[in-house]
Structure formats: C-alpha cells, structure tokens
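*Asks:* Let me see the structure of the following:
(one chain, ligands or ions: 3)
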Amino acid sequence: MIIGVPKEIKNNENRVGATPAGVNELVRNGHTVYVQATAGEGSGFADEEYANAGATILPTIAEVYAIAEMIVKVKEPIESEYSLIKDNQLLFTYFHFASHEPLTKAMIERNAVCLAYETVERPDRSLPLLVPMSEVAGRMSIQEGAKYLEKPLKGRGILLGGVPGVRPAQVLILGGGVVGTNAAKMAAGMGADVTILDTNLARLRYLDDVLPANVTTQMSNGYVIRELVKTHDLIIGAVLIPGAKAPNLITRDMLKTMKPGTVLVDVAVDQGGCIETCKPTTHENPTFIIDDVVHYCVANMPGAVPFTSTQALTNATLPYVVQVANKGWKEACANSEELKKGLNVVNGKVVYKGVAEAFGLEYTDVNTVL
Ligand SMILES: NC(=O)C1=CN([C@@H]2O[C@H](COP(=O)(O)OP(=O)(O)OC[C@H]3O[C@@H](n4cnc5c(N)ncnc54)[C@H](O)[C@@H]3O)[C@@H](O)[C@H]2O)C=CC1
Ligand SMILES: CC(=O)C(=O)O
Ligand SMILES: [Mg+2]
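*Replies:* Residues are numbered from 1 along each chain as shown. Ligands and ions are numbered 1, 2, ... in the order given. Modelled structure (predicted):
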C-alpha cells in the first residue's frame with residue numbers, strides 16, 4: 001500500500017503520525033511510505049531519519065495527499081485539508097466526529113473512508129488507540145491546572161500541595177477512566193486533596209484500591225457535582241461516552257457558586273466537553289474566563305509534549321496501521337471487530353451510531369460497507 005504521513009497543521013500540534021521506527025516497520029512489510037518534509041521536526045525526528053528508515057520525503061502536503069492510498073496522521077483534517085482528500089482515500093487518525101458537524105459533513109462529501117483512532121475498541125470495551133493520549137492528557141491536566149491556579153494567570157493563587165501548616169488545594173476529577181486516573185495519580189503525588197467521581201461503582205472500587213489515601217472516590221450524580229464544585233480549586237473534566245457527545249455535568253449556573261479563580265480543565269472538550277461553558281481553545285491561547293472561573297479547554301493537549309506523545313501514540317497505532325496496510329481496510333475491518341469499530345464515515349455513509357445520532361444523520365450498519 002502507498003502510505004502518506006503529512007505534517008500536522010492544527011495550532012501548535014507538534015506530533016506526527018509515524019516515527020522513523022514505524023515507517024521502517026511498514027517498509028519492511030513491503031509498503032511505500034511518503035513523509036512530508038519537516039513532519040517529524042516538532043517531535044525530534046529529522047527528515048534524514050525518515051529517509052534512512054526507507055521513506056521518500058515530499059516537499060508539500062498536497063503531494064502527500066495526492067499520492068497516498070492511506071493517510072496516517074494524528075488530528076482530524078482541518079478545513080484547508082478537506083479539498084486535498086481524494087475520492088475513496090483512507091484516513092487513519094483522531095476525528096472526534098460527534099463534536100464536529102462540519103468535519104463530518106466534509107468527510108461525507110469527500111467520499112473518504114474514515115477510520116478513527118478514538119473508537120477502535122477491544123472486546124473489554126477499552127480504547128487502545130485513545131489510551132496513550134489519555135495517559136498524557138490526564139497527567140498534563142494537573143501540570144496545566146497547577147500553573148493556571150497561579151495568581152498572575154488569574155487563578156486562586158493556591159499551591160496544589162500546600163505547605164506544612166497550610167492546607168493543600170482541593171482537586172475534583174469528573175470521570176475515573178484513563179484521563180481521570182492519571183490525573184488523580186499526579187494530583188495525589190503533588191500532595192493535593194483529591195476527589196474522583198464516576199458512575200461505575202466497580203471502577204470506583206478499583207480506584208479506591210489502587211490510589212493513595214489522599215484520593216477519595218464518590219459516585220457521580222448531579223446533586224454531588226453541584227455541591228463539590230463550590231469548594232474545589234481545580235476541576236478536571238474526564239468523562240467519556242465512546243463515540244458520543246460528552247454529557248454537560250457542569251452547567252453555566254454553577255460557575256457563580258464556585259470560588260473566584262477556580263480552574264476548570266475540560267479534557268473531554270474533544271468530544272464536546274462536559275462543562276457547558278467550555279469551547280475548544282488552542283495551545284497559543286489556552287484559557288478564557290467566565291464569572292471569574294478560568295477555563296482551559298485545549299483539544300489537543302498531548303500536542304504540546306510531542307517527544308513523549310508521538311512515541312506513545314505510535315507504540316499503540318503501529319500494529320493496527322500494519323494490519324490495515326497489509327490487508328486493505330475492508331478485509332482488515334471485516335476480520336477484526338476492534339478495527340471495525342473504528343469505522344465512522346465510509347464512502348458518504350455514517351456507520352457509527354453515536355455520530356449519526358449527534359447530528360440526526362442517517363445511520364448505516366457498518367457490515368453493509370464491508
Ligand atoms: N483534550 C485532549 O487533548 C484529550 C482529550 N481526551 C479525551 O478525554 C476524555 C476521557 O478519555 P478517557 O479517560 O480515555 O476515557 P475512559 O473511557 O477511560 O473514561 C471515561 C470515564 O468516564 C466515566 N463516566 C461516564 N459518564 C460519567 C458521568 N456522568 N460522571 C462521571 N463519570 C462518568 C466512565 O464510567 C469512564 O470511567 C475523552 O473525551 C477523550 O477523547 C483524551 C486525550 C487527549
Ligand atoms: C485524543 C486526542 O484528541 C489527542 O490526543 O489530541
Ligand atoms: Mg475532596
């Protein structure tokens with residue numbers, strides 16, 4: 001198969017869809033790989049390393065899209081890329097369709113085949129291609145939250161871990177999945193007083209077993225959230241309903257009940273966010289303030305730590321990319337329930353229920369396109 005790796009063009013997105021090691025693995029499987037010049041620069045990989053691994057370097061993004069049967073990247077295509085997508089071209093990347101109607105419509109119109117990292121799903125319901133970036137974003141959410149709690153950045157001016165004689169900050173985490181657990185570990189390690197909520201009691205039991213004593217677990221419901229937001233300094237949004245728009249757990253009216261300088265980090269913003277007032281922001285301009293509450297809603301958090309994220313991402317994606325390249329998307333998806341769940345939009349049809357429901361579009365059973 002002919003595979004193309006373009007340079008990411010989303011704001012401050014420094015990751016890249018494949019490392020030189022990943023390219024080499026594809027080449028050793030008999031595939032041809034084209035990498036856009038400087039695509040790996042932000043992640044610490046020079047063009048020369050890709051060339052030594054067996055890739056051909058192309059100067060422009062248009063040339064990469066024009067030649068490739070499969071595009072392997074990180075983030076969803078942005079508007080300037082839409083017209084580069086060819087009829088029937090396979091795109092393997094994060095899409096987060098349910099939060100982005102124009103993207104969904106554009107991919108339908110381009111007749112693309114969209115295999116979404118975030119909905120590839122194992123039989124145990126885990127999301128193997130989301131996990132590594134959720135680990136990064138979960139850990140980062142506390143680093144960013146601690147920073148924006150500083151007074152010059154409009155936060156409350158509270159130190160996460162406190163000091164002897166002064167109480168630490170209170171951290172509230174909505175959702176105890178991968179993002180939430182990694183956030184809890186970091187916040188607890190820094191000495192904060194942490195509360196983590198989930199609707200899954202079995203998950204809360206597990207978290208209670210593995211997390212340290214400065215983390216309290218609590219069942220998630222509207223009543224509890226409304227009370228807890230009044231006292232917590234840093235609130236992390238980390239819920240997920242796979243493939244669907246995130247539920248609004250913190251509503252606009254609750255902001256007035258929070259302490260001035262409270263920081264909200266809505267990691268779930270890529271699925272539409274779980275805080276009503278959250279709108280996607282960029283690394284260039286990551287925060288905005290409503291009712292004295294700082295909102296951090298960067299939709300590609302791991303893009304800021306590309307040395308870590310690119311390697312973590314391709315550690316997880318490469319085996320799937322190789323499968324798809326070796327068999328072609330139809331056979332690979334027909335033979336793998338995991339990969340089949342990754343199909344969202346195929347040749348003009350929406351084949352993922354959560355996406356069709358989000359926009360009232362017609363849903364087509366994925367098996368009919370295989
Ligand atoms: N902004 C960014 O850069 C990034 C965003 N993400 C996003 O973070 C979100 C979370 O991802 P993961 O932790 O991997 O998902 P996950 O599936 O591991 O965890 C989600 C958790 O939310 C819980 N949940 C669902 N409804 C809830 C409710 N009403 N109250 C409390 N908990 C509830 C679930 O039971 C589950 O434990 C996703 O939207 C993901 O796309 C992930 C990586 C980077
Ligand atoms: C998961 C995701 O959206 C990201 O890593 O950017
Ligand atoms: Mg607490």
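
*Asks:* and the helix or strand where residue 354 lies, which residues are buried?
*Replies:* Secondary structure from DSSP states H and E places residue 354 in helix 353-359. For helix 353-359, the buried set under the neighbour-count rule, 16 or more other CB atoms under 10 Å, comprises 354-356, 358. Quick note: C-beta positions are derived from backbone N, CA and C, even for glycine.

*Asks:* Stretch 217-230 now?
*Replies:* 217, 220, 225, 228-229.

*Asks:* Could I get those in a markdown table, plus columns for distance to residue 266 and secondary structure?
*Replies:* Converted to a markdown table, those look like this (distance: CB to CB, whole Å; DSSP: H, G, I helix; E, B strand; the rest coil):
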| residue | distance to residue 266 | secondary structure |
| --- | --- | --- |
| 217 | 21 | strand |
| 220 | 15 | coil |
| 225 | 14 | helix |
| 228 | 16 | helix |
| 229 | 13 | coil |
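
*Asks:* What is the nearest of the residues you listed to ligand 1?
*Replies:* residue 220 (3.3 Å; CB to the nearest ligand atom).

*Asks:* Report the contact partners of that closest one.
*Replies:* Going by CB atoms under 8 Å, 6 or more residues apart in numbering, residue 220 touches 174-175, 197-199, 249.

*Asks:* likewise residue 146?
*Replies:* Neighbouring residues of residue 146 by CB under 8 Å, 6+ apart: 160, 190, 234.

*Asks:* Show me which of those residues is closest to ligand 1.
*Replies:* The closest of the contacts of residue 146 to ligand 1 turns out to be residue 234 (CB to the nearest ligand atom; 15.9 Å).

*Asks:* Would you confirm that the closest one contacts residue 160?
*Replies:* Yes - Residue 234 is within contact range of residue 160, at 7.4 Å (criterion: CB atoms under 8 Å).

*Asks:* So if I had to pick from the two, which one is more boxed in?
*Replies:* Legend: neighbour count by other CB atoms under 10 Å for residue 234 and residue 160, higher for residue 234 (30 against 24).

*Asks:* how much space between that one and ligand 3?
*Replies:* Separation of residue 234 from ligand 3 (CB to the ion, to the nearest Å): 11 Å.

*Asks:* On the three-state scheme, the residue lying closest to that residue once chain neighbours are set aside is what?
*Replies:* Among residues not flanking residue 234 along the chain, residue 145 sits closest, at 4.3 Å (CB to CB, 6 or more residues apart in numbering). Secondary structure state of residue 145, per DSSP: H, G, I helix; E, B strand; the rest coil, is helix.

*Asks:* show me what contacts residue 145?
*Replies:* Neighbouring residues of residue 145 by CB under 8 Å, 6+ apart: 160, 171, 234, 236, 263, 265, 296.

*Asks:* which residues sit against the helix or strand harbouring the second one?
*Replies:* Take DSSP H and E as the rule and residue 171 turns out to sit in strand 170-174. Strand 170-174 is contacted from outside by 142, 145, 160, 180, 183-184, 187, 192-197, 220, 225, 228-229, 231-239, 249-250, 274, using CB under 8 Å, 6+ apart.

*Asks:* and which of the buried residues of helix 353-359 is nearest to ligand 3?
*Replies:* Nearest to ligand 3 among the buried residues of helix 353-359 is residue 354, at 32.1 Å by CB to the ion.

*Asks:* Wait, that closest one touches residue 242, no?
*Replies:* Yes - between residue 354 and residue 242 there is a contact under CB under 8 Å: 7.1 Å.

*Asks:* any weak-confidence spans in the stretch 1-150 of the chain?
*Replies:* Along the stretch 1-150 of the chain, no part satisfies pLDDT under 70.

*Asks:* what residues does it put near ligand 2?
*Replies:* Contact residues (CB under 6 Å from any ligand atom) of the stretch 1-150 of the chain with ligand 2: 75, 94, 130, 133.

*Asks:* what's the answer for the stretch 251-370 of the chain, then?
*Replies:* Residues of the stretch 251-370 of the chain lying close to ligand 2 by CB under 6 Å from any ligand atom are 270, 300, 302.

*Asks:* show me the contacts for the last one.
*Replies:* Counting by CB under 8 Å, 6+ apart, residue 302 touches 15, 133, 136-137, 140, 308-309, 312-313.

*Asks:* repeat that for 10 Å
*Replies:* 13-15, 74, 132-137, 139-140, 308-310, 312-313 (CB atoms under 10 Å, 6 or more residues apart in numbering).

*Asks:* And residue 76, by the same measure?
*Replies:* By CB under 10 Å, 6+ apart, the contact list for residue 76 reads 10, 91, 93-97, 99-100, 103-104, 106-107, 114, 116, 270, 299-300.

*Asks:* redo that, cut-off 7 Å
*Replies:* By CB atoms under 7 Å, 6 or more residues apart in numbering, the contact list for residue 76 reads 93-96, 100, 103.

*Asks:* For the residue in the stretch 51-200 of the chain that ligand 1 sits nearest to, which non-adjacent residue is closest in space?
*Replies:* Ranked by CB to the nearest ligand atom, the top residue of the stretch 51-200 of the chain for proximity to ligand 1 is residue 177, at 1.7 Å. Residue nearest to residue 177 in three dimensions, not counting chain neighbours: residue 240, with 6.1 Å by CB to CB, 6+ apart.
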